[in-house]
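> Got a predicted structure here, sequence first:
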Amino acid sequence: MNNEILWNKVLDEIRPKVNEMVYVTWFKPIKLYKIENNMATIIVPQKIHQKHIEETYSDFIKSALAKVTNNICDFELVLEKDIQIEQEQISFINPNETTLNKNTYQHSSNLNKKYTFDNFIVGDSNRLATATALAVAKSPGESYNPLFIYGSSGLGKTHLMHAIGNYIEENTNQRVLYVSSKEFIDDYTRISRKGNNLTNYDYADYFQNKYHSVDVLIIDDIQFMTTTPKTQDEFFHTFNFLHDEKKQIIISSDRSPNDLNKLEERLKTRFCWGVMVDIFPPELPLRKNIIIKKLAALNLSIEMKEDVIDYIAANISTDVRSLEGAINRLMSYSLMMGYNEINLSIAIDALKNIITKGTSEATNIQKIQKVVADQFQISVDDLKSKKRSASIAFPRQIAMYLSRTILNESFERIGLEFGGKDHSTVMHSCEKIKYEIDNKEEIRKTVEEIKQNIP
Ligand code: ADP
Ligand code: MG
């Protein structure tokens, strides 16, 4: 992962946690210069940023860095004018159209060496995906082409894709390229931009060199491409070109090709040519195993009691990213407090913002269904039914949304509790209610009121 991608991820972590003014004033103008030996050097435009960020947002930055890099990182803030920026490096990360020509493309795989098969922990929910990924890594371009990996956020899709790329780089001299679909869209937007100068042609060369000369193309989060029809068209050509040449293509998405509503049919068809595998939310034994192995990998001399592992595994069930976040938070907290042993009360205290209900008093989906049904004067059976009239569908969507936001339940689990709905139906319902809450005051109030009634 290059610094720009990494930093954008850090900002994505911070942004939802602060208000927009704070974000624009203090976070938007700063950028990552480098990370070395777990120390991030961050460039700020003015002294005032240095002082205010250090005093007020230090923990935010540390925990976001920890989450994104998987490491406990410290940081320093340096002024832009005090730093000698290696211009060449920057101009490569952010190619400057006016200086590009066909020789300027320097290949970089964008692979993050930290994501390997060795440190990917396998359980029932990801076994098939891992085995398929390994098969592709061992014989790229041969049998499973394209490989399409899908599943909700935080389940390890990006990790697995990097693992494939790293494996191929280590064992062959094939050229691998990992890009997010956003990077592909940005690159394509640059070529298609209208203008009278010739630089677009230069950029077209750059694009060709970058995407058509690889042996393995990995495109992450293809769902973002659904909103850009022209880019889909270009991707279609790139896909055909590489596939005809028997080059391996690996794609990930948060949903299956059929659920990618605005994706062109011809792309969907192609995605189905190879193999599709989905990753599910981690089951309890896998969650425990992940906690144990991630702790060991941190290599800190802090011991975690068995009941703490059980507590985290029982309460954080949606995805691995949240599990990692909880572990990092608990570890940073214990380091800060100087503990070398973590018991249950320390864990409950450190994680109180993440785990809001203790195991004993846990709210469950049934309780939410009952409160929502009462509020709208319908029955719980209606909520679980297939009825689609607005008077039933709307409360059902709210109940799904609350199950997700209050209980952190997986889309799959919620779907099951609502009479066997598909995980994408639940996902759409949650997105819809979130949108309505953000945009309609009366809906925000209704949902707030229901929340107050949930025991
Ligand atoms: P996705 O791309 O599906 O949103 P990521 O690949 O970014 O998820 O995974 C989120 C985090 O969880 C990463 O730090 C990744 O290393 C870690 N992770 C996910 N699944 C596993 C696993 N099975 N074993 C070890 N780490 C995992
Ligand atoms: Mg990902």
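Right, received. Where do you want to start? Numbering: from 1, shown residues only. Ligands and ions are numbered 1, 2, ... in the order given.
> ok, and the closest residue to ligand 2 within the stretch 101-250 of the chain, which helix or strand is that part of?
Scanning the stretch 101-250 of the chain for the residue nearest ligand 2 gives T158, at 3.2 Å (criterion: CB to the ion). (C-beta placed from N, C-alpha, C; glycine too.) T158 is part of helix 157-171, with elements assigned from DSSP states H and E.
> Residues contacting that helix, please?
109, 111-117, 120, 126, 129-130, 133-134, 136-138, 140, 147, 149-151, 174, 176, 178, 215-216, 218, 220, 248, 250, 252, 279 (CB atoms under 8 Å, 6 or more residues apart in numbering).
> Now do the helices in the stretch 101-250 of the chain.
Remark: helices assigned in the stretch 101-250 of the chain by DSSP state H, counting those that start in this stretch are 127-138, 157-171, 181-192, 199-212, 229-244.
> Dump the ones you listed to TSV, plus mean neighbour count and mean pLDDT.
Output for the helices of the stretch 101-250 of the chain, formatted as TSV (neighbours: other CB atoms under 10 Å; pLDDT from 0 to 100):
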stretch	mean neighbour count	mean pLDDT
helix 127-138	19	97
helix 157-171	22	98
helix 181-192	18	87
helix 199-212	18	78
helix 229-244	17	92
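> what number of residues lie near whatever residue of the chain ends up closest to ligand 1?
Here the residue of the chain nearest ligand 1 is G156; by CB to the nearest ligand atom that distance is 2.7 Å. Around G156 there are 25 other residues, counting by other CB atoms under 10 Å.
> for I368, same thing?
Using other CB under 10 Å, I368 has 28 neighbouring residues.
> Was I right to think G419 contacts S385?
Yes. Between G419 and S385 there is a contact under CB atoms under 8 Å: 6.3 Å.
> what ranges of the chain fall below the confidence cut-off?
The model of the chain has pLDDT under 70 over residues 20-21, 84-104, 193-202, 357-363.
> domain parsing for it?
3-85, 108-278, 284-350, 358-453 (automatic domain parsing).
> Of the ones you listed, flag the one that's most buried.
domain 108-278 (a mean of 18; mean count of other CB atoms under 10 Å).
> Straight-line length of that domain, end to end?
28 Å (CA to CA, to the nearest Å).
> Centre of the chain to that domain, how far?
On the basis of CA atoms, centre = their mean, to the nearest Å, domain 108-278 sits 15 Å off its chain's mean C-alpha point.
> Check stretch 392-399 too.
The answer for stretch 392-399 is 27 Å, by CA atoms, centre = their mean.
> now stretch 406-424
When distances are taken as CA atoms, centre = their mean, stretch 406-424 is centred 20 Å away from the chain's centroid.
> Name the SS class of the residue of the stretch 251-400 of the chain found nearest ligand 2, please.
Taking CB to the ion as the measure, the point where the stretch 251-400 of the chain comes nearest ligand 2 is S252, at 6.5 Å. Following DSSP: H, G, I helix; E, B strand; the rest coil, S252 is assigned to strand.
> which residues are contacting stretch 411-419?
With CB under 8 Å, 6+ apart as the criterion, stretch 411-419 contacts 152, 280-281, 317, 365-366, 369, 383-386, 396, 399-400, 403-404, 421-427, 430.
> hmm, 7 Å instead?
Where contact means CB atoms under 7 Å, 6 or more residues apart in numbering, the residues beyond stretch 411-419 that reach it are 152, 280-281, 365, 383-385, 396, 400, 403-404, 421-423, 425-427.
> Stretch 172-188 too?
107, 109-111, 140, 161-162, 165, 168-169, 207, 210, 213-222, 224-225, 228, 231, 234-235.
> Over to stretch 14-23?
So stretch 14-23 is in contact with 27, 60, 64, going by CB under 7 Å, 6+ apart.
> ok, so of the residues you listed, who is nearest I450?
F60 (30.8 Å; CB to CB).
> Point out the residues in this protein that sit beside ligand 1.
70, 115, 119-121, 126, 153-159, 290, 320-321, 324 (CB under 6 Å from any ligand atom).
> What's the end-to-end length of stretch 136-143?
8 Å.
> Apologies, that question was intended for stretch 105-124.
One end of stretch 105-124 sits 42 Å from the other (CA to CA).
> does any bit of that stretch sit next to ligand 2?
No. If you take CB under 5 Å from the ion as the test, stretch 105-124 misses ligand 2, and the best it gets is 10.3 Å.
> contacting residues around that stretch?
When contacts are defined by CB under 7 Å, 6+ apart, stretch 105-124 is touched by residues 1-2, 70, 92, 130, 134, 156, 159-160, 162-163, 165-167, 169, 175-179, 206, 209-210, 282-283, 285-286, 289-290, 293, 297.
> ok, now with 6 Å
Residues outside stretch 105-124 that contact it (CB atoms under 6 Å, 6 or more residues apart in numbering) are 1, 130, 159, 162-163, 165-166, 176-178, 206, 209-210, 283, 286, 289-290, 293.
> Point out the residues in the stretch 151-300 of the chain that sit beside ligand 2.
Contact residues, the stretch 151-300 of the chain versus ligand 2 (CB under 5 Å from the ion): 157-158.
> any chance you could map the strands in the protein?
For the chain, the strands defined by DSSP state E occupy 31-36, 39-44, 74-79, 147-150, 176-180, 216-220, 248-253, 275-278, 303-304, 341-342.
> where exactly do the helices run in the stretch 301-450 of the chain?
306-315, 320-337, 344-350, 365-376, 380-384, 390-407, 411-417, 423-439, 441-453.
> Report the contact partners of V320.
Counted by CB under 6 Å, 6+ apart, V320 has contacts 154, 156, 282.
> for the second one, phi and psi?
The phi/psi pair for G156 (degrees, to the nearest 10) reads phi 110, psi 20.
> 361 is where my numbering starts, stick with that
Shifting the count to begin at 361 puts that one at G516.
> State the distance from it to Y475.
9 Å (CB to CB, to the nearest Å).
> T586 now?
25 Å.
> same deal with I528?
I528 sits 13 Å away from Y475, taking CB to CB as the criterion.
> One more: G634?
Distance from G634 to Y475, by CB to CB: 22 Å.
> ok, now E701?
Using CB to CB, we find E701 at a distance of 31 Å from Y475.
> Same question for K811.
38 Å.
> try A495
Distance, A495 to Y475, using CB to CB: 18 Å.
> and what of R647?
19 Å.
> same question, E440
For E440 relative to Y475 (CB to CB), the value is 32 Å.
> swap in Y693?
26 Å.
> E791 now?
28 Å.
> cool, and R375?
Distance check for R375 against Y475: by CB to CB, it reads 24 Å.
> same thing with N486?
For N486, the distance to Y475 - CB to CB - is 14 Å.
> thinking again about what came up before, now distance to I738 too, for the strands of the chain, in CSV please.
Shown next, in CSV, are the strands of the chain (distance: least, CB to CB, whole Å):
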stretch, distance to I738
strand 391-396, 51
strand 399-404, 52
strand 434-439, 52
strand 507-510, 33
strand 536-540, 42
strand 576-580, 41
strand 608-613, 35
strand 635-638, 33
strand 663-664, 45
strand 701-702, 45
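> give me phi/psi at S739?
Dihedral angles (degrees, to the nearest 10) for S739: phi -100, psi 160.
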